[in-house]
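**Q** Everything below, folded, please.
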Amino acid sequence: MARPRRRNRGPSDGVPRPTPEPQAATQSGGIQWGSVTRYALVFVAGVALAAGGLLAPRWLKSAATKPTYGLVAPKVDYERPWRAGAVPTSHYDLLKMSPSELGDVDFALMNLLCAKDLPGSENMDVPAILKKLDEWAAKVAFETERHLYRVRDPQYAEHYQHSEARLRAEFIVQVLQEDCGVHYNLERVQDPDYRNSKDIFLHGMVNSENGGTCASMPVMYLAIGRRLGYPLKLALAREHVFMRWDDGKERFNIDGAGNGGVDYPTDDFYRTWPHPLTDKMLASGEFLNSLTPEEELSMFLELRGICLHEHGRFPEAVETYAAAHRLKPKAVTPMMALAAAAEGRPVPKREKDQLAGDFLDVVNMQRDAVSRFKRAAASGDPTPLMPGAGGAPVAPQPPQPAKPASSPPGQPGGAKKP
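**A** Numbers count the residues shown, from 1 in each chain. As a prediction, this is how the structure comes out:
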């Protein structure tokens, strides 16, 4: 026979129970202190809520003005086809993008795509480089956050001018150089050479011992800074690239294109270094202005064109310079390079062009060459040489040497008599 379950025994099951202690009797009409306490707590909570309601809008407003920085997820979906917002695979894809689409592309990826298929990029592994940059950005973020106290510490605060932005900018350079091995290619300090793409694009500093130059190191710092959400821009001096912090409150230039330390040069400094800038040069808008995404792409394309140009690949150089010119039409530098490549001449050396006394004098020296190029392209503007919708580049062949004049009939080399 199955044993029945035990039921909870009630108070009448015969088991003795302890007798509860009698509660203290309250005096008739006396104050019950428990009720008073509850009323007091309710009153205090109400006052706190009312005060919070009055102060919350002010607090939220002040909190919203302080930016927060951290690792930023890419805006581009790398799993879908490009037109749906995925990763571009060449600089031709970049050229097809609208300005807003271009602004969503990873800054480092844009640089690497412009280096694709150049001498020195044969073993470039783009996904591995981007992964390494993500790792470096996380390291910079960690080191920065644990040293933020320095902005308020009297021992360090003066160095950073009591500015969190300056500390954040400086730690990009410091961590990359001290912990990640980013360095300047010392062989290029006095001997610039654009034939090796590793010297002028990011891949020369990632998984490579080559090192970078002032054309690539600021790009590296900015690629890391944008991964952290920093308001960083590129800007150009004459023969030099630097970056700039501009969040609407603080605006300062940052120069870390070396093997130690960070400088904060003013715009006036760059007017004379590394080469003087005249008022007419500045009027072109090419120098000392923060670059837009289109102008950043133009700069990378110009570097690509110079590398092709140095190797004598003139048709490709012409096509690339034309694309750079279209993206930054007021800039004189890509136009000068375009004219030189179209005629099969070497890359213009701008530091020697100072002998002309004025940058626009140099432009006038190139006027005839540009006119000949335009006639050869059968257009009033060289920018129609941009790649078409299918991505196929269209560019004229460089001019061929003129054929010798025909000799009179009957002489050597002349036409034969019938």
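**Q** host element of R226?
**A** Using DSSP states H and E, R226 sits within helix 217-227.
**Q** Next secondary structure element downstream of that helix?
**A** strand 232-237.
**Q** which strands and helices sit next to that next one?
**A** Helices and strands touching strand 232-237, by 3 or more CB pairs under 8 Å, 6 or more residues apart in numbering; DSSP states H and E, are helix 217-227, strand 240-246, helix 293-310. The C-beta positions use only the backbone N, C-alpha and C, and glycine is treated the same way.
**Q** could you give the angle of the helix holding R226 to strand 232-237?
**A** 160 degrees (axes from the mean of the first three to the mean of the last three CA atoms, to 10 degrees).
**Q** ok, and for helix 217-227, which residues are buried?
**A** The neighbour-count check on helix 217-227 (16 or more other CB atoms under 10 Å) flags 217-227 as buried.
**Q** Equivalent analysis for stretch 146-157, please.
**A** For stretch 146-157, by 16+ other CB under 10 Å, it's 147, 150-151.
**Q** Over to it now: how far is its first residue from its last?
**A** The first residue of stretch 146-157 is 15 Å away from its last residue (CA to CA, to the nearest Å).
**Q** any idea of the mean pLDDT for it?
**A** For stretch 146-157, mean pLDDT rounds to 95.
**Q** same question, stretch 186-199
**A** The model assigns stretch 186-199 a mean pLDDT of 86.
**Q** hmm, back to that, do you know which of the helices and strands packed on strand 232-237 lies nearest A337?
**A** Minimum separation from A337 across these (CB to CB) falls at helix 293-310, 6.2 Å.
**Q** a strand runs through A324, doesn't it?
**A** No - counting by DSSP: H, G, I helix; E, B strand; the rest coil, A324 is not found in a strand; it is helix.
**Q** Could you shift the numbering so residue one becomes 303, and keep it that way?
**A** Shifting the count to begin at 303 puts that one at A626.
**Q** what's the burial count for it?
**A** 28 (other CB atoms under 10 Å).
**Q** Same list (the helices and strands packed on strand 534-539) but as a markdown table, adding mean pLDDT and distance to S499.
**A** Formatted as a markdown table, the helices and strands packed on strand 534-539 follow (pLDDT from 0 to 100; distance: least, CB to CB, whole Å):
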| stretch | mean pLDDT | distance to S499 |
| --- | --- | --- |
| helix 519-529 | 96 | 13 |
| strand 542-548 | 95 | 16 |
| helix 595-612 | 96 | 5 |
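**Q** want to throw those into a markdown table with distance to Y394?
**A** Converted to a markdown table, the helices and strands packed on strand 534-539 look like this (distance: least, CB to CB, whole Å):
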| stretch | distance to Y394 |
| --- | --- |
| helix 519-529 | 21 |
| strand 542-548 | 24 |
| helix 595-612 | 11 |
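**Q** Thank you, goodbye.
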